[in-house]
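> sequence and predicted model, in that order:
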Amino acid sequence: MLLVIDVGNTNTSLGVYRGPELVAHWRLTTNRARTVDEYGVHARNLFELASLDFKTIDAIAIASVVPPLNYTLKTMAETYFHLTPFFVDNSVDTGVRILYEPPADVGADRIVDAAAAIHKYGAPCIVVDFGTATTFNAINAQGEYLGGVITPGIMISTDALFDRTAKLPRVDIKRPQKVIGSSTISAMQSGLYHGYVGLVDGVLRKMLEEMGGKARVIATGGLAPLIATGSEFIELVDETLTLEGLRLVYERNFNQSPEFKVEETIGSET
């Protein structure tokens, strides 16, 4: 089985694949101070809770945008799983040509998101990944990664609001029943939710115009389901897209007959 790990600035997602089947997945808080042993113990505990035997893992693939954790995770994989992990970056064969300059600046999560979106939904497409930052990633009809847009994530925006205002309380992020709030809390929730949906749709509208208006829009990340309900342009929510992309890129690099072939998915109407 394959263990995939997506390391973001706020959260770390893990998934276990048996072939193409995702048999278990988890989301943890990213903690740069966590030790090799702490990560190892967490992994083993998660496997035990899911009734999985960690000894059945025969490969590990990692996409990380937190370089200080790479050595920790590499050592954890070697110590607890006796495996050398495969780290995805712009230099590995993903099947996606990167037109971004320089290619090394494209985060590993954005690369595997593009690979998975092409494979599952066809090209052209736009992937919106709601993480610490919200990234909008454009893939053209030829399956090439064009680039995109990076904005502060909704949690960064809310933290800035709470930190900079003395009298406003911290509130949950959720879709209010109406736009005009009748209390401070409902007014803040409306501003946070509808303001961010407006940002997302404003960016998507302009990206779609530049791409000829034909690209499918797929959302992923922790807050994707919430924001997608108010979006005019998001068609699909795929919360495990990044994990699937890691699996596909790993298979492409290490399987004799890789499942993911760009030429078979370009222009797909599925």
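Everything's here; your move.
> end to end, how far does stretch 117-127 reach?
End-to-end distance for stretch 117-127: 7 Å, by CA to CA, to the nearest Å.
> report the contact partners of Leu241.
By CB atoms under 8 Å, 6 or more residues apart in numbering, Leu241 lies in contact with 113, 116-117, 120, 127, 129, 218, 220. Any C-beta I mention is one placed from the backbone N, CA and C, and that applies to glycine too.
> same question for Met1.
Contacts of Met1 (CB under 8 Å, 6+ apart): 16-18, 23, 52, 56-58.
> just give me the closest of those to Pro103.
Nearest to Pro103 among the contacts of Met1, counting by CB to CB, is Tyr17 at 26.8 Å.
> surely that closest one is within a strand?
Yes - the assignment for Tyr17, made by DSSP: H, G, I helix; E, B strand; the rest coil, places it in a strand.
> which residues in the stretch 101-250 of the chain form helices?
Ranges of helices in the stretch 101-250 of the chain, per DSSP state H, counting those that start in this stretch, are 108-121, 154-164, 184-210, 224-228, 241-254.
> returning to what we had before: ok, the contacts of Met1 vs Gln177, which is closest?
Distances from Gln177 to these, taken by CB to CB, are shortest for Val23, at 38.3 Å.
> which residues pair with the closest residue to the closest one other than its chain neighbours across the strands?
Of all residues not flanking Val23 in the chain, Val16 sits nearest, at 5.3 Å (CB to CB, 6 or more residues apart in numbering). Going by DSSP bridges, Val16 is paired in beta bridges with Leu3, Ala24.
> who's in contact with Val16?
By CB under 8 Å, 6+ apart, the contact set of Val16 is 1-4, 22-25, 47, 50, 52, 57.
> give me the domain ranges for the chain.
2-87, 97-264 (automatic domain parsing).
> least confident of the ones you listed, on average?
Of all the domains of the chain, mean pLDDT reaches its minimum on domain 97-264 (a mean of 89).
> what comes up buried for stretch 64-75?
Buried residues in stretch 64-75, defined by neighbour count with 16 or more other CB atoms under 10 Å: 64-66, 69, 72-75.
> closest to Glu101 among the contacts of Val16?
Val4 (28.1 Å).
> can you get me a residue count around Thr84?
11 (other CB atoms under 10 Å).
> wait, Val36 touches Thr72, no?
Yes - Val36 lies in contact with Thr72 (CB atoms under 8 Å); the separation is 5.6 Å.
> thinking Ile156 is in contact with Thr132, fair?
Yes - assessed by CB under 8 Å, Ile156 is found in contact with Thr132 at 6.8 Å.
> quick revisit: what's the most buried one of the helices of the stretch 101-250 of the chain?
Neighbour counts (mean count of other CB atoms under 10 Å) averaged over each of the helices of the stretch 101-250 of the chain peak at helix 108-121, with a mean of 26.
> which other helices and strands contact that helix?
Packed against helix 108-121 by the contact rule (3 or more CB pairs under 8 Å, 6 or more residues apart in numbering; DSSP states H and E) you find strand 59-64, strand 125-130, strand 133-139, strand 144-152, strand 216-221, helix 241-254.
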